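**Student:** Okay, sequence plus prediction incoming.
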Amino acid sequence: MKLLFDEGLSPKLVDALADLFPDSQTALRNGLARQGDRAILAYAIAGEFVLVTTDSDFAVLVTEFPAARVVVLRACNYPTSVAARRNAIWIAALPGSEKRLLVLDR
């Protein structure tokens, strides 16, 4: 399974988490900067990515896209790479589950 990191997250996350989530990408390196949330989510769906974001707007937007899978990092007081590693099992299970949204608070 692979992740697409939203434009607000560091592109360095792709390399930092390559051992857990190979073939992940970042919105910034795919021409999605300033294209809007819908374009980023559509790209994630087309590429079969789980979108990782800090933007809570995606929690609502995911309801409009049945194929979307989104992880929202909310109120994390540690680095994103740590949040992804601590929750790797839950994130990896998202594509095969009925859930479309995973909100990580801590």
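**Tutor:** Nice, I can see it.
**Student:** show me what contacts Thr53?
**Tutor:** 5-6, 8-9, 70-73 (CB atoms under 8 Å, 6 or more residues apart in numbering). Any C-beta I mention is one placed from the backbone N, CA and C, and that applies to glycine too.
**Student:** Show me what the helix or strand of the chain with the lowest mean pLDDT is packed against.
**Tutor:** Least confident helix or strand, the chain: helix 80-86 with a mean of 82, by mean pLDDT, DSSP states H and E. Helix 80-86 sits against helix 12-16, with contacts defined as 3 or more CB pairs under 8 Å, 6 or more residues apart in numbering; DSSP states H and E.
**Student:** Name every strand pairing with the next helix or strand after the helix it packs on and say which way it goes.
**Tutor:** Using DSSP states H and E, the helix or strand that directly follows helix 12-16 along the chain is strand 25-26. Applying DSSP bridges, strand 25-26 is found paired with strand 2-5 (parallel).
**Student:** Name the residues that touch the partner strand?
**Tutor:** So strand 2-5 is contacted by 11, 13-14, 17, 21-27, 30, 40, 43-44, 47-53, 71, 84, 91 (CB under 8 Å, 6+ apart).
**Student:** about what we covered before: what does the least confident helix or strand of the chain rub up against?
**Tutor:** 3, 9-10, 13, 16-17, 20-21, 52, 73, 76, 91, 104.
**Student:** Drop anything exposed from these.
**Tutor:** 3, 9, 13, 16-17, 21, 52, 73, 76, 91, 104 (16 or more other CB atoms under 10 Å).
**Student:** where along this protein do the strands fall?
**Tutor:** 2-5, 25-26, 49-53, 70-73, 101-104 (DSSP state E).
**Student:** For Gly36, find the nearest of those strands.
**Tutor:** strand 49-53 (12.9 Å; CB to CB).
**Student:** Measure how far that closest one is from the centre of its chain, please.
**Tutor:** 2 Å (CA atoms, centre = their mean, to the nearest Å).
**Student:** can you check stretch 28-35 too?
**Tutor:** 14 Å.
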